[in-house]
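[1] structure here, sequence nowhere to be found:
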């Protein structure tokens with residue numbers, strides 16, 4: 001990642017921390033979207049439709065969850081060979097494991113407290129509870145969080161390669 005230089009041994013703070021975080025969030029979104037688009041080939045292969053028809057289905061389903069649900073349901077059909085079912089369900093589980101971190105950074109705003117020197121994420125979602133609502137969950141974003149994003153990016157990139165291997169191994173439309 002191209003980020004401004006930081007003196008060795010000093011923690012990232014202020015604008016530099018925010019720049020580093022935003023670069024990683026951009027990269028996280030890029031690898032996620034790129035990898036999610038591979039589901040087009042999996043949908044085509046499992047359903048027996050053309051890639052062009054699978055693109056239409058993929059774009060019609062406008063959430064990751066809906067796309068993953070479709071892929072999982074296609075994989076679970078009795079006509080799907082056991083090896084494909086096992087592999088595809090393993091790949092969808094990989095997506096689901098990475099979704100919470102990706103969703104967090106796609107549904108938050110960033111706040112910098114100059115007095116405390118802390119960057120925080122503030123989740124822009126409402127959580128309905130039995131008797132109340134929870135809004136604006138705030139968490140500190142620090143170098144440890146940058147490391148968590150880096151690790152997620154690496155796992156999603158590995159998932160991308162695994163999906164490509166499955167697409168090729170099972171002869172899904174490319």
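    It's in. If you're wondering where the values come from, they're calculated on a predicted model, not measured in any experiment.

[2] what residue ranges in the protein are flagged as low confidence?
    1-14, 113-117 (pLDDT under 70).

[3] how about the helices in it?
    14-36, 39-47, 51-60, 64-75, 82-106, 143-169 (DSSP state H).

[4] out of the ones you listed, which comes closest to residue 130?
    For residue 130, the closest of those is helix 82-106, at 22.3 Å, according to Cβ to Cβ. C-beta: built from backbone N, CA, C; applies to glycine.

[5] tell me the angle that closest one makes with helix 64-75.
    Between helix 82-106 and helix 64-75, the angle comes out at 180 degrees (axes from the mean of the first three to the mean of the last three Cα atoms, to 10 degrees).

[6] contacts for helix 82-106, please.
    25, 28-29, 32, 35-36, 42, 46, 64, 68, 71-72, 74-76, 80, 121, 123, 148-149, 152, 155-156, 159, 162-163, 166, 169-170 (Cβ atoms under 8 Å, 6 or more residues apart in numbering).

[7] how about the helices of the chain, which one is nearest residue 129?
    Once the helices of the chain are compared by Cβ to Cβ, helix 82-106 is nearest, at 18.6 Å.

[8] for that closest one, the distance to its chain's centre please.
    9 Å (Cα atoms, centre = their mean, to the nearest Å).

[9] for it, buried residues please.
    Of the residues in helix 82-106, 84-85, 87-88, 91-92, 94-95, 98, 101-102, 104-105 count as buried by neighbour count, 16 or more other Cβ atoms under 10 Å.

[10] ok, stretch 163-173 next?
    By neighbour count on 16+ other Cβ under 10 Å, the buried set for stretch 163-173 is 163, 166, 167, 170, 172, 173.
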